[in-house]
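**Q** sequence and predicted structure below; questions after.
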Amino acid sequence: MSYVRPKKHLGQHFLKDLSIAQKIADALSGHGDYQKVLEIGSGTGVMTQFLTENEMELWLMDVDEESIKYLFAHFPELKERIVFADFLKEDLGFLGEKYAVIGNFPYNISSQIFFRILENRNHVPEVVCMLQKEVAERLASPPGNKQYGILSVLLQAYYEIEYLFTVPPTVFNPPPKVNSGVIRLKRNSIQALNCDEALFVRIVKAGFQMRRKTLRNALKPINLPADMSADPVLNKRAETLSVNEFVDLTNRIASCQRKV
């Protein structure tokens, strides 16, 4: 098979610039002592060809049957490690204890991909990916920035995130309407947050769902205990709180709830 037709419903924009493909592949640092790399959405293998040059065990995954046939034809040496599956649904146990994730993430499902990575965070020490620039900047944004949001907090709780470089639309087929950004995530040392993690997630999501409101109003769905009413942190907006401040808030809310 010599050609793969980009499919709009899959959000496919195939990278065609080899220098950028190599730059993304080279961004894997090896952080976390892993031996396997999973490329999501390998497409026409533009990045794959550079990933095969490192010493890691490379696995390819794509949900597009045409892409899978193309990959089988052009990378026969990887045929046992080319997986026709949806990363969002596939059991990833076959990858073992530790593996890095790399890919040109479809804009329309990038958030779901990151939530799946969070589910598997103790197996994924490093991620290098290209996605919509606005989203990439949001994930790497520090507190106090209007780009800072739900995924910024949830990912930064477990990963150090670095914005690497911007990629213009002209190097894709078909070209997207916006710029893309490449980021690198490196797993930090936190195995579990020092709080009720389920409550932490609820608080972060509620806080940002009405991000223009103070936490006092945004967190009303959490049913804040009366003992919390005078807490000065409730006068702040979610976008101003760091991960540690969200952890502290979660613990204070949980403590007050236990007293009720």
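**A** Looks like it came in fine. Residues are numbered from 1 along each chain as shown.
**Q** could I get the full set of strands for the stretch 151-260 of the chain?
**A** 159-167, 172-173, 180-187 (DSSP state E, counting those that start in this stretch).
**Q** again with the stretch 1-150 of the chain
**A** 14-15, 36-40, 57-62, 82-84, 100-104, 126-132.
**Q** what's the domain layout of the protein?
**A** 8-187, 197-259 (automatic domain parsing).
**Q** residue 155 touches residue 185, doesn't it?
**A** Yes. Using CB atoms under 8 Å, residue 155 is in contact with residue 185, at 6.7 Å. The C-beta positions use only the backbone N, C-alpha and C, and glycine is treated the same way.
**Q** more neighbours: those two, which one.
**A** Taking neighbours as other CB atoms under 10 Å, residue 155 and residue 185 compare with residue 185 leading, 26 against 23.
**Q** any idea what the more buried one is bridged to?
**A** Counting by DSSP bridges, residue 185 is bridged to residue 127, residue 161.
**Q** mind exporting stretch 39-51 as PDB, just the C-alpha atoms?
**A** Below are the C-alpha coordinates for stretch 39-51, written out as PDB (Å, rounded to 0.1, in the frame of the first residue of the first chain):
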ATOM      1  CA  GLU A  39       3.600   5.500  19.100                       C
ATOM      2  CA  ILE A  40      -0.100   6.400  19.000                       C
ATOM      3  CA  GLY A  41      -1.600   7.200  15.600                       C
ATOM      4  CA  SER A  42       1.400   6.200  13.600                       C
ATOM      5  CA  GLY A  43      -0.400   7.100  10.300                       C
ATOM      6  CA  THR A  44       2.100   6.900   7.500                       C
ATOM      7  CA  GLY A  45       5.100   6.300   9.700                       C
ATOM      8  CA  VAL A  46       6.800   9.600   9.200                       C
ATOM      9  CA  MET A  47       7.900   9.700  12.800                       C
ATOM     10  CA  THR A  48       8.200   5.900  13.100                       C
ATOM     11  CA  GLN A  49      11.200   5.800  10.800                       C
ATOM     12  CA  PHE A  50      13.200   7.900  13.300                       C
ATOM     13  CA  LEU A  51      11.900   6.000  16.300                       C
END
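**Q** can you give me the buried ones in that stretch?
**A** 39, 40, 41, 42, 43, 44, 45, 46, 47, 48, 50, 51 (16 or more other CB atoms under 10 Å).
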